[in-house]
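Chemist: Provided below for reference: sequence and predicted model.
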Amino acid sequence: MRPTHWVGVILAANVLHLWMFFHLNPETYPLATRVFIGIHAIACVSPFWMLYDWFVKSGKRTWKTWMWLFFVPWGFLWYYFEKYRPANAKNSPA
């Protein structure tokens, strides 16, 4: 995808996340609130996963210009779909 599309995806994810944060009431929507807590946990933990995958698992020790996405909520989506390769895909012949 083009970078402008990624800006739209990340912006939409942030808007949806903020809307859920300000509008979900645990007494009114108990199940949706529990789902949102899981989504919020993913948004908080995933940037650290992105840095772990880049620096520790792949063994690269350089800071790239795109790593500012670590500071943007939901910015890890770009890394997952554009840069991340699972361990079994790295060794496959295709």
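Modeler: Cool, the structure landed. Residues are numbered from 1 along each chain as shown.
Chemist: stretch 67-80: how far from the chain's middle?
Modeler: Mean-position distance between stretch 67-80 and its chain equals 6 Å (CA atoms, centre = their mean, to the nearest Å).
Chemist: what's next to stretch 13-23, contact-wise?
Modeler: 32, 36, 39-40, 43, 72-74, 77 (CB atoms under 8 Å, 6 or more residues apart in numbering). (C-beta placed from N, C-alpha, C; glycine too.)
Chemist: if we go to 6 Å?
Modeler: The contact list for stretch 13-23 (CB atoms under 6 Å, 6 or more residues apart in numbering) reads 36, 73-74.
Chemist: dump stretch 81-88 to CSV, keeping only the CA atoms.
Modeler: Below are the C-alpha coordinates for stretch 81-88, written out as CSV (Å, rounded to 0.1, in the frame of the first residue of the first chain):
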residue,chain,number,x,y,z
PHE,A,81,2.0,-5.7,7.0
GLU,A,82,5.0,-4.1,5.2
LYS,A,83,8.1,-5.3,7.1
TYR,A,84,7.4,-8.2,9.4
ARG,A,85,8.2,-11.7,8.1
PRO,A,86,7.4,-14.7,10.3
ALA,A,87,10.3,-17.0,11.2
ASN,A,88,9.0,-19.9,9.0
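Chemist: re earlier: save the contacts of stretch 13-23 as TSV, and put in neighbour count too.
Modeler: Listed next are these as TSV, based on neighbours: other CB atoms under 10 Å:
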residue	neighbour count
F36	17
P73	16
W74	19
